[in-house]
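S.K.: sequence unknown, structure follows:
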Ligand code: URA
């Protein structure tokens, strides 16, 4: 079959800042998925998009072409409204774990089709796989049945959902083209729109531990995604949230599950509770339930009941002991004072080097590995006492994890206060 376009012409057009036509976009995404456009050609096009951007029409069409590369799910037969959340990824971001059962406890179905972590941000599936017996792979029938019975599902996104994105994301990862706003927005939104959720709340992270280091870039990404969702008929809202320092007091799989269970039991670190409740309120409002207080369901155990049912429905034992790493190493506070800064990216890289994350797709992760924080910025610390505890099964990893943390924190004189940044920076609807 002869092809209607030539990949080199499409690359040259974007290189020379021309807008791509709908037909060119449909073709290049489809031809790449079929293997007609080669990886090196798509890499060149992705770099041209990163450098020269895309118009709203181009991004919208690119997203539609990625959706059309695969199957769409259909939740319209459920008796409950659906709402989903997507985070652009951060360090210690375990919010999905308490959030999905919390929102489901109000009768809203939460289909959380997730991925595994690559690089310094952990994947939700890797975290849940530290629960003994829990399985991530579910059939479409199992997903629908669990949404109807329990209300919340966290599982692996099937290969049939936006396959063009799977291929393109892997290519971007190795060609320095992940950070292009049109490509991030279309990647995330193609999967969420194909998934078929009725409402979507985006948690767009800003700061050292996030893709977007700068608040204006994060705002542009959020606006682009909200527009894509709204144009596709999905009620979409974004919160811009701080990722200068890790969320909560843990980064690492089982460590984060333990912290999420504390939140579900009505405790847990205040920042994790604040963000869980803020995102839950947005999801519930978008699903038509702005008459309820999500914080109450954390206090009275309803969210915990749904968590236990959600874990059991996927073969997990909510009462089982979570794995612990065999070895620990303390990083000590260098002086008395107030913790001024604790860099999210450095903690994420340290957790990853300890074995909590993977360097290549398909590698196994250590369930118990990660970093435990004993103080957050603004807290008083004592010189010589533990600031961080590093956990791993393989102690030869400590040295490189400690190296990642060099220069990652500072201790201010007692009485000084670090610059305070609100956790929720902005809301974009
Ligand atoms: N997450 C995605 O799914 N895609 C991106 O491009 C970036 C983050």
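M.R.: On my side now, so go ahead. These figures come from a predicted structure and were not determined experimentally.
S.K.: need the residues of the stretch 151-300 of the chain near the ligand, please.
M.R.: 169, 178, 183-184, 187-188 (C-beta under 6 Å from any ligand atom). Placement of C-beta: from N, CA and C, glycine included.
S.K.: Name the nearest residue to residue 147, sequence neighbours excluded.
M.R.: residue 109 (4.3 Å; C-beta to C-beta, 6 or more residues apart in numbering).
S.K.: What separation do you get for the residue of the stretch 201-350 of the chain found nearest the ligand and residue 115?
M.R.: Nearest to the ligand in the stretch 201-350 of the chain, going by C-beta to the nearest ligand atom, is residue 211, at a distance of 6.4 Å. Residue 211 is 14 Å from residue 115, where distance means C-beta to C-beta, to the nearest Å.
S.K.: So between those two, which is more surrounded?
M.R.: Neighbours were tallied for residue 211 and for residue 115 using other C-beta atoms under 10 Å; the higher tally belongs to residue 211 (19 against 16).
S.K.: Does the more buried one touch residue 90 like I think?
M.R.: No: at 9.3 Å, residue 211 does not count as touching residue 90 under the criterion of C-beta atoms under 8 Å.
S.K.: quick one: common contacting residues for those two?
M.R.: residue 205 (C-beta atoms under 8 Å, 6 or more residues apart in numbering).
S.K.: Residue 193: what's it in contact with?
M.R.: Listed by C-beta under 8 Å, 6+ apart, the contact partners of residue 193 are 63, 67, 72, 228-229, 232, 234.
S.K.: Is it possible to mark the buried ones in the residues of the stretch 151-300 of the chain next to the ligand?
M.R.: By neighbour count, with 16 or more other C-beta atoms under 10 Å, these hold 169, 178, 183-184, 187-188 as buried.
S.K.: what's around residue 2, how many residues?
M.R.: 3.
S.K.: residue in this structure nearest to the ligand?
M.R.: Counting by C-beta to the nearest ligand atom, the chain gets nearest the ligand through residue 187, at 3.4 Å.
S.K.: per-residue pLDDT, residue 361?
M.R.: Per-residue pLDDT puts residue 361 at 71.
S.K.: With the one 3 residues further on instead?
M.R.: At residue 364 the predicted local confidence, pLDDT, stands at 87.
S.K.: number of nearby residues for it?
M.R.: Residue 364: 9 surrounding residues under other C-beta under 10 Å.
S.K.: how about the residues of the stretch 1-150 of the chain that lie near the ligand?
M.R.: Within reach of the ligand by C-beta under 6 Å from any ligand atom, the stretch 1-150 of the chain has these residues: 88-89.
S.K.: Can you show me the strands along the stretch 1-150 of the chain?
M.R.: Secondary structure of the stretch 1-150 of the chain (DSSP state E, counting those that start in this stretch): strands at 83-87, 110-114.
S.K.: For stretch 197-215, buried residues please.
M.R.: Those would be 197-213, 215, for stretch 197-215 by 16+ other C-beta under 10 Å.
S.K.: First-to-last residue distance for that stretch?
M.R.: In terms of C-alpha to C-alpha, to the nearest Å, the two terminal residues of stretch 197-215 are separated by 27 Å.
S.K.: same question, stretch 321-341
M.R.: 33 Å.
S.K.: Quick check: buried residues in that stretch?
M.R.: 323, 325, 327, 329, 331, 333, 337-341.
S.K.: Mind checking which of the contacts of residue 193 are buried?
M.R.: 63, 67, 228-229, 232, 234.
S.K.: which among those residues gets closest to residue 78?
M.R.: residue 234 (15.5 Å; C-beta to C-beta).
S.K.: For that closest one, which non-adjacent residue is closest in space?
M.R.: Excluding its sequence neighbours, the residue lying closest to residue 234 (C-beta to C-beta, 6+ apart) is residue 200, at 5.2 Å.
S.K.: so that neighbour sits in a helix?
M.R.: No: using DSSP: H, G, I helix; E, B strand; the rest coil, the assignment for residue 200 is strand, not a helix.
S.K.: Now do the contacts for it.
M.R.: For residue 200, the contacting residues are 83-86, 192, 229, 234-237, 286, by C-beta under 8 Å, 6+ apart.
S.K.: in the sheet, who's paired with it?
M.R.: The partner list for residue 200 in beta bridges (DSSP bridges) reads residue 84, residue 236.
S.K.: Residue 59 touches residue 224, doesn't it?
M.R.: Yes: shown here, residue 59 and residue 224 form a contact pair, counting by C-beta under 8 Å, at 6.3 Å.
S.K.: Quickly list what's touching both of these two.
M.R.: Listed as contacting both residue 59 and residue 224 by C-beta under 8 Å, 6+ apart are 182, 185.
S.K.: Could you report the distance from residue 245 to residue 102?
M.R.: Going from residue 245 to residue 102 by C-beta to C-beta gives 23 Å.
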